[in-house]
Structures are given as structure tokens and as C-alpha cells.
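J.: Just the structure for this:
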Amino acid sequence: MNSKQHPFVFTPAVILIPFLFIFSIWLVYWSEVRFGFRFNDYGVYPRTLKGLRGIVLSPFIHGSMKHLWNNTVPLFLLSAAIIYFYRSQRWTIFIIGLFGSGIITWLIGREANHIGASGFIYVLMSFIFFKGIITGYYRFVAVSLIIMFLYGGMLWYLFPIESHISWEGHLGGFVTGFLLAVFLPVIYAKETYEWEKKEFIPEDDPFMRHFDENGNFIETLPNEVEEELPIKSTFKVNYIYVGNSKISEEE
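T.: Numbers count the residues shown, from 1 in each chain. Here you go, the predicted model:
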């Protein structure tokens with residue numbers, strides 16, 4: 001099966017694109033620390049014209065090393081999973097997810113600068129989980145369960161449990177990921193075995209013919225002849241006796 005038919009192909013992009021995401025957010029934070037810049041004002045500020053720029057810029061801005069580190073690992077793993085399992089839709093998911101989560105945050109958020117890649121991370125997590133459940137395809141279901149096992153605790157932060165955390169951004173990302181999972185079609189090649197095909201006839205299959213109507217296995221069918229090596233009925237054996245010149249005797 002070639003790469004056009006089978007979407008699950010590991011390419012350098014699976015590692016390279018997430019690495020570029022991580023490199024970008026760390027570079028921005030390093031420049032703030034190194035040169036004394038402060039980019040918090042470039043976050044999403046709800047319901048203001050200037051705050052719209054944060055839809056694109058806010059995922060690259062983080063308020064502290066802890067904030068940055070908490071987003072680094074899930075951003076890398078989830079974006080890599082999207083690229084590997086949903087290769088043909090990856091940019092659609094990334095772009096719509098970025099704008100969708102940012103716009104929802106801009107609409108419902110508190111009057112403050114909302115920064116960080118958390119909203120985008122919630123897009124990826126939500127999409128992977130719901131798309132696996134919706135399709136029912138075993139590969140997608142498996143990765144959905146793994147993501148839920150690793151990051152299921154993130155669901156608590158969809159609610160305003162801590163004042164300094166943008167739960168609006170998380171909720172916006174979660175809703176965007178869910179909508180993408182529902183409406184974005186996913187192309188994948190489902191493996192079809194011979195016995196699953198409509199034209200499969202058990203009576204014509206060499207292996208299936210070895211089972212009777214009760215499901216018992218028949219090792220040799222009546223119309224089959226076991227091949228055996230020919231065996232000659234007689235053998236000719238020659239013995240050669242060599243005598244000694246001296247014979248010793250024992251009492």
C-alpha cells in the first residue's frame with residue numbers, strides 16, 4: 001500500500017513541525033528574558049480591535065518559565081500525533097484551530113490579556129479525542145484513549161478554578177477541537193481482509209475448505225493426496241570382512 005492510500009506514514013515532518021512550534025515559543029520567551037521585552041500586551045484582549053492581533057500572536061507568548069514548560073511537552077506530543085494520524089488535514093486543523101480558539105476567547109474572555117499556547121493545545125486534545133470516538137477506527141480510538149489517559153486532568157481547567165488561568169481560552173480551544181472533529185472529514189485507509197470482502201466465497205478458499213459444517217478442522221481432504229517419497233521394497237547390502245594375521249585367545 002503506497003503513501004497515497006495509507007495516511008499513517010512516518011515522515012520527518014512528524015518531528016520537525018512540532019520542533020519548530022516549540023523552538024518558536026522558547027525563542028520568544030528567551031528574547032523577553034535576554035533583552036527585557038514584554039509581549040504580554042500582544043495577547044488576546046477581548047472585544048477590542050487591538051486585541052484581535054492576539055489571536056495569532058498569543059500562542060507564542062508565555063508569562064513564566066513554568067507556564068512555558070507546562071505547554072511545551074503537550075504541544076509537541078499532540079501536534080506530532082495530529083501530523084502522523086491526520087496528515088492530509090493537519091494544516092486545516094492547525095489554522096482553523098488557531099483562529100477558532102482565539103476568536104472564542106476574544107468573544108467570551110475577561111478583560112485581560114490572554115496569552116499562551118494552552119488554547120491551541122486544547123484544540124488538538126479535543127480533536128484527537130472526539131475524532132477517535134466518532135470514527136470508531138481502532139487506530140484513532142487507541143490514540144484517543146492514550147491522550148485522555150495522559151491529559152484527562154486538563155478538563156478541570158475548562159472551568160474557572162484559578163483566577164490567573166484563562167479558562168476561556170481553554171474552553172474556546174476545546175469547543176473548536178470538538179467542532180473540527182464533527183465536521184472535518186478524515187481520509188484513512190481501512191484494512192480489508194479477504195473474508196471481509198463481498199465477493200469472498202468460503203467454499204472456494206483453500207483454507208476454509210478444511211473446516212466442516214460444525215467448524216471442525218479437517219487436516220486432509222478426501223480429494224487431496226499426500227505426497228510421499230518413493231521407498232524401494234528391497235535393499236542390497238554388501239559386507240567386507242578384513243581378517244587379522246594374528247589371533248589372540250583368552251582363557
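J.: Does Ile115 touch Ile55 like I think?
T.: No. Ile115 is not in contact with Ile55 according to CB atoms under 8 Å; the separation is 11.8 Å. In this view, the C-beta of every residue, glycine as well, is placed from N, C-alpha and C.
J.: So which of those two has more stuff around it?
T.: Taking other CB atoms under 10 Å, Ile115 and Ile55 do not tie; Ile115 has more neighbours (24 against 21).
J.: Could you pull out the helices in this protein for me?
T.: 13-35, 54-57, 65-85, 90-108, 118-135, 138-151, 167-183 (DSSP state H).
J.: Highest mean neighbour count across the ones you listed, which stretch is it?
T.: Across the helices of the chain, the average number of neighbours (mean count of other CB atoms under 10 Å) peaks for helix 118-135, which reaches a mean of 25.
J.: Counting by contacts, list what that helix packs against.
T.: Helices and strands in packing contact with helix 118-135 are listed as helix 65-85, helix 90-108, helix 138-151, helix 167-183; criterion 3 or more CB pairs under 8 Å, 6 or more residues apart in numbering; DSSP states H and E.
J.: Give me the packing partners of the shortest one, helices and strands only.
T.: Contacts of helix 138-151 with other secondary structure elements, assessed using 3+ CB pairs under 8 Å, 6+ apart, are made with helix 65-85, helix 118-135.
J.: Next up, the contacts around Phe37.
T.: Under the criterion of CB atoms under 8 Å, 6 or more residues apart in numbering, the contact list for Phe37 reads Ser31.
J.: What distance do you get for it to Trp30?
T.: Between Phe37 and Trp30 the distance, using CB to CB, to the nearest Å, works out to 10 Å.
J.: Also Phe217?
T.: Note on Phe217: its distance to Trp30, by CB to CB, is 67 Å.
J.: Phe21 too?
T.: Counting by CB to CB, the gap from Phe21 to Trp30 is 15 Å.
J.: What of Glu111?
T.: Separation of Glu111 from Trp30 (CB to CB): 29 Å.
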